[in-house]
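[1] My questions are about this predicted structure, shown below with the sequence.
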Amino acid sequence: MQQNSAGDTPPQRARGSGRLVTKAFAGRTRLDQFFQEGCAKIRLPETFSPEMEAILINTSGGLTGGDVIDWSVAASASTRLSVTTQANEKIYKAAADTASVSTHITVGENASVHWLPQETILFDRSSLTRRLDVDLAETSEFLAVEAVILGRKMMGEAVNLGFFRDRWRVRRAGSLIHAEEMRFDGEIARLAEAAAVLSGQVAFATLFYSGPLAEALFPKLRDCLGPTSGGASFFNDKIVARLTAPTGFELRKILVPAISVLRNGAPVPKVWNI
């Protein structure tokens with residue numbers, strides 16, 4: 001039997017899929033459905049509180065062109081769930097194709113989901129599309145953060161070329177309440193220098209909150225942010241904040257207290273180590 005040469009062998013790609021569904025039982029959030037496949041793993045540490053914490057893990061150690069991961073999270077009525085990641089997600093140089101990460105979150109009546117992944121680090125010539133779809137019930141709460149670092153400055157890394165697309169769709173009771181599209185394509189370093197983009201900063205984040213405490217939390221968030229690079233807005237019963245910083249470390253020093261404010265004083269998950 002004739003074998004293909006090494007050059008004819010397609011590169012191995014990472015594939016992963018994880019699903020988590022909660023239920024309320026005896027005053028606590030319990031596991032109802034659990035599924036994991038491929039490089040996508042979910043761990044549930046003991047919290048000693050009524051809420052559940054889930055840690056998402058990509059065992060492939062990072063993503064490159066052609067890798068695909070899908071996450072699905074559903075908090076049933078009257079449950080509370082915080083979701084984070086074990087570490088930063090690293091997006092490496094892509095020889096071909098684009099890495100894809102999709103997340104679908106459903107939050108039931110009087111339920112809460114805090115989507116708190118650690119930062120995504122883009123390497124030079126990386127290629128990533130990311131999608132977040134959220135369906136909220138009328139009385140649910142949802143907090144999200146997505147942070148991106150364009151290369152680790154302290155490691156001498158820079159992102160000159162690449163592709164990054166981020167798509168958010170958040171609906172409440174079936175009606176669209178938040179939509180955004182972000183796209184860097186081509187000369188990322190040049191684009192990031194523009195004053196209307198990042199003004200030369202290499203770390204940035206979006207914070208989003210929609211829930212019954214939005215109006216009360218908004219002034220506290222503004223006080224927390226102070227004179228940092230960025231700002232926050234409150235409209236249509238939601239909070240949206242945009243933050244930038246010169247390094248990932250500086251961004252995290254802003255993010256950690258800001259997330260705690262939007263968690264009504266609760267700390268960030270323990271895997272967030274500054």
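    Nice, thanks for sending it over.
[2] which residue ranges form the helices in the protein?
    For the chain, the helices defined by DSSP state H cover 188-193, 214-225, 248-262.
[3] Would you single out the least confident of those helices?
    For those, mean pLDDT drops lowest on helix 188-193, to a mean of 90.
[4] so what secondary structure elements neighbour that helix?
    Here helix 188-193 touches strand 141-150, strand 161-172, going by 3 or more CB pairs under 8 Å, 6 or more residues apart in numbering; DSSP states H and E. From N, CA and C alone the C-beta is placed, and that goes for glycine too.
[5] and those, which is most packed in?
    strand 141-150 (a mean of 23; mean count of other CB atoms under 10 Å).
[6] What distance do you get for the residue lying closest to Glu146 once chain neighbours are set aside to Leu243?
    Leaving out its chain neighbours, the residue that sits closest to Glu146 by CB to CB, 6 or more residues apart in numbering is Thr206, at 5.4 Å. Thr206 sits 8 Å away from Leu243, taking CB to CB, to the nearest Å as the criterion.
[7] Among these two, which residue is more densely surrounded?
    A direct count of neighbours by other CB atoms under 10 Å for Thr206 and Leu243 places Leu243 higher, at 23 against 18.
[8] Give the ranges of residues in the stretch 1-150 of the chain that sit below the confidence cut-off.
    The stretch 1-150 of the chain contains residues with pLDDT under 70 at 1-10.
[9] And the strands in it?
    Taking DSSP state E, counting those that start in this stretch, the strands of the stretch 1-150 of the chain run over residues 15-25, 28-38, 40-43, 52-58, 68-75, 80-85, 89-91, 99-107, 112-116, 120-122, 127-136, 141-150.
[10] Can you tell me which of these is nearest to Leu176?
    Closest approach to Leu176 among these is made by strand 127-136 (10.5 Å; CB to CB).
[11] residue ranges with poor pLDDT in the stretch 151-274 of the chain?
    Where the stretch 151-274 of the chain drops to pLDDT under 70, the residues are 154, 274.
[12] repeat that for 90
    Within the stretch 151-274 of the chain, the ranges that satisfy pLDDT under 90 run 151-159, 192, 194-200, 226-230, 236, 273-274.
[13] coming back round to it: would you mind giving the helices and strands packed on helix 188-193 as JSON lines with distance to Phe48 added?
    Below are the helices and strands packed on helix 188-193 laid out as JSON lines (distance: least, CB to CB, whole Å):
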{"stretch": "strand 141-150", "distance to Phe48": "21"}
{"stretch": "strand 161-172", "distance to Phe48": "31"}
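[14] among those strands, which is nearest Arg183?
    Of these, nearest to Arg183 by CB to CB is strand 161-172, at 4.7 Å.
[15] Using CSV, write out every CA atom in the closest one.
    What follows is strand 161-172, C-alpha atoms only, in CSV (Å, rounded to 0.1, in the frame of the first residue of the first chain):
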residue,chain,number,x,y,z
LEU,A,161,-0.3,40.6,11.1
GLY,A,162,-3.3,38.4,11.8
PHE,A,163,-7.0,38.1,11.8
PHE,A,164,-9.4,38.4,14.8
ARG,A,165,-13.2,38.6,14.6
ASP,A,166,-15.5,38.7,17.7
ARG,A,167,-19.3,38.5,17.4
TRP,A,168,-21.8,39.0,20.3
ARG,A,169,-25.5,38.6,20.3
VAL,A,170,-27.5,38.9,23.6
ARG,A,171,-31.2,38.5,23.7
ARG,A,172,-33.7,38.9,26.5
